[in-house]
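> The sequence and its predicted three-dimensional model are supplied below.
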Amino acid sequence: MFTIKGKELGIDLGTANSRVFTQGKGLTVEEATVVAMDTKTQEIIAFGKKADDMLGRTPDGIFVAHPLVEGVISDFDLAEAYLRYLMEKADPGLHLIRPRVTVSVPTLVTDVERRAIEDACIQAGAGEAVLVDEPLAAATGAFLPVNGPRGSMVLSMGAGSTECAVLSLGGIVSSRSTVVAGRFFDTEIMRHFRDAKELLIGDQMAEQIKIQLGACLPGVYAETMEVHGRDLRTGMPRITETDTAEVYDIIMPHMGEIVDVVISTLETTPPELSRDILDRGMILTGGMAGLRGVRDFLEEAIRIPVRIAEEPMRCVVYGCAADFAPNVLERRQNEPNSNETKA
């Protein structure tokens, strides 16, 4: 007697965006982690980008939400539905044979929160759910030799959290995290325009400002953009202008907390591994690794080499797939310029 083995999936279940790597197919899904529901019928009406486009634009009766907050499930039913959507989109035939899924989770989650993610995966159709700490997945997907005895260091800067870890012999030796991350900065930008300019802006506008004007180096960039919102005094639509200098003043007061996370991780690292980190430096992954000037800022602050991973936003999902698709990592590593740093 024999059993039919289902395909394996690697899932980067992110606060803002999620990705799926399917065994035998490669990267099959990249979607916003957003769900839209009809509150009258309790039916899901949209997932991913389609749901994300509804944010801030829905009539009464339509509820749009992120099923995860800071990497943790905030609504179990929505998370289960979203995971089922990801798996079905990754391979429409997976419902016939339940797949084994490897899912990334933040290191700061509790045992109860880990169990909730496992249960959501099983309820969504997985035959088995394996959880991997996000820094370990990110480091693996960034080609760091995490299984060797020498120390490696990664700073994973996502939407819901920023996690720093030193790794050796296939595990995390030292780690720290903070909620100062992509979504946090969006909220700070929204708060600034509300308090300083009496202008109410939405999540998407704040994210656009962060991406287009965000920078960690003062005086290097001089760009402007229009900001659309609602005037809090008149209630009317209003357009104002902002620039890189203003956004720099919003972001930089909080970058110190990310530096503190890195320093705290280094302070709890065994001395045998500290020299490895000094020699090999730290690698950046996640969407916030694209913030202009962040590499130079961190190098100046912590005095160790810093480089940005190839495809930083996909490192976690590649790491989740490393066990069943190691040839993909090998092929990417052997591609021309695959290890060059990109700002």
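Yep, that arrived.
> How are the strands of the stretch 201-343 of the chain distributed by residue range?
Counting by DSSP state E, counting those that start in this stretch, the stretch 201-343 of the chain has strands at residues 224-231, 237-243, 282-285, 306-308.
> The ones you listed: which one's closest to Thr107?
Within those, the stretch nearest Thr107 is strand 282-285; the backing value is 14.0 Å (Cβ to Cβ). For every residue, glycine as well, the C-beta is placed using N, CA and C.
> Parallel or antiparallel, list what pairs with the closest one.
Strand 282-285 has these partner strands in its sheet, going by DSSP bridges: strand 152-157 (parallel), strand 306-308 (parallel).
> Please state the offset of it from the chain centre?
13 Å (Cα atoms, centre = their mean, to the nearest Å).
> Point out the most buried one among the strands paired with strand 282-285.
Of the strands paired with strand 282-285, the one with the most neighbours on average (mean count of other Cβ atoms under 10 Å) is strand 152-157, at a mean of 28.
> Show the subsequent helix or strand relative to it.
strand 162-168 (DSSP states H and E).
> so what does whichever strand or helix holds Phe184 touch, helix or strand wise?
Element membership for Phe184, per DSSP H and E: helix 182-197. Applying 3 or more Cβ pairs under 8 Å, 6 or more residues apart in numbering; DSSP states H and E, we find helix 182-197 packed against strand 199-200, helix 203-213, strand 237-243, helix 244-267.
> what would those look like in a markdown table with mean pLDDT?
Converted to a markdown table, those look like this (pLDDT from 0 to 100):
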| stretch | mean pLDDT |
| --- | --- |
| strand 199-200 | 98 |
| helix 203-213 | 96 |
| strand 237-243 | 97 |
| helix 244-267 | 97 |
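> Out of those, the one nearest Leu78 is which?
Leu78 sits nearest to helix 203-213 of all the helices and strands packed on helix 182-197, at 17.2 Å, using Cβ to Cβ.
> what residues does that closest one touch?
Helix 203-213 is contacted from outside by 55-56, 182, 185-187, 189-190, 193, 201, 221, 223-225, 227-229, 242-244, 246-247, 251, 290-291, using Cβ atoms under 8 Å, 6 or more residues apart in numbering.
> do the same with stretch 85-104
So stretch 85-104 is in contact with 4-13, 18, 20, 22, 25, 28-29, 31, 47-48, 117, 121, 124-134, 137, 316-317, 319-321, 323-324, going by Cβ under 8 Å, 6+ apart.
> ok, 6 Å please
4, 6-13, 20, 22, 28-29, 47, 121, 125-132, 134, 137, 316, 320 (Cβ atoms under 6 Å, 6 or more residues apart in numbering).
> Now intersect those with the helices, please.
Of the positions in the contacts of stretch 85-104, 121, 134, 137, 316, 320 sit in helices, assigned by DSSP state H.
> Which positions in stretch 156-176 come out as buried?
Buried positions in stretch 156-176, judged by neighbour count with 16 or more other Cβ atoms under 10 Å: 156-168, 172-176.
> ends of it, how far apart?
11 Å (Cα to Cα, to the nearest Å).
> ok, now stretch 204-223?
Termini of stretch 204-223 sit 19 Å apart (Cα to Cα).
> And stretch 229-244, what's buried?
Those would be 229, 238, 242, 244, for stretch 229-244 by 16+ other Cβ under 10 Å.
> what does stretch 18-36 give?
Under 16+ other Cβ under 10 Å, the buried positions of stretch 18-36 are 18-23, 27, 29, 31-36.
> What of stretch 57-72?
Residues of stretch 57-72 classed as buried: 62, 64-68, 70-72 (neighbour count, 16+ other Cβ under 10 Å).
> Inside strands: which ones of these?
Those of the buried residues of stretch 57-72 mapping onto strands are 62, 64-65, 68, 72, per DSSP state E.
> Include distance to Lys210 when you put those residues into JSON lines, please.
Formatted as JSON lines, those follow (distance: Cβ to Cβ, whole Å):
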{"residue": "Ile62", "distance to Lys210": "26"}
{"residue": "Val64", "distance to Lys210": "20"}
{"residue": "Ala65", "distance to Lys210": "21"}
{"residue": "Leu68", "distance to Lys210": "19"}
{"residue": "Val72", "distance to Lys210": "22"}
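> Would you check which pair of those residues lies furthest apart?
Ile62 and Val72 (24.5 Å).
> Gly141 is in contact with Ala322, isn't it?
No. Contact criterion Cβ atoms under 6 Å: Gly141 and Ala322 do not qualify, at 7.1 Å.
> between the two, which one's more packed in?
Applying other Cβ atoms under 10 Å to Gly141 and Ala322 shows that Gly141 carries more neighbours, namely 30 against 19.
> give me every residue that touches that one.
Per Cβ under 6 Å, 6+ apart, neighbours of Gly141: 315-316, 318-319.
> same check, this time on Ala321
Contacts of Ala321 by Cβ under 6 Å, 6+ apart are 10, 21.
> Would you list the phi and psi of it?
phi -90, psi 0 (degrees, to the nearest 10).
> how close does it sit to Gly93?
19 Å (Cβ to Cβ, to the nearest Å).
> How about Val306?
Relative to Gly93, Val306 is positioned 43 Å away (Cβ to Cβ).
> can I see the domain layout of this protein?
8-135, 143-179+255-313, 182-250 (automatic domain parsing).
> Can you give me the neighbour number for Asp111?
That count, for Asp111 with other Cβ under 10 Å as the rule, works out to 7.
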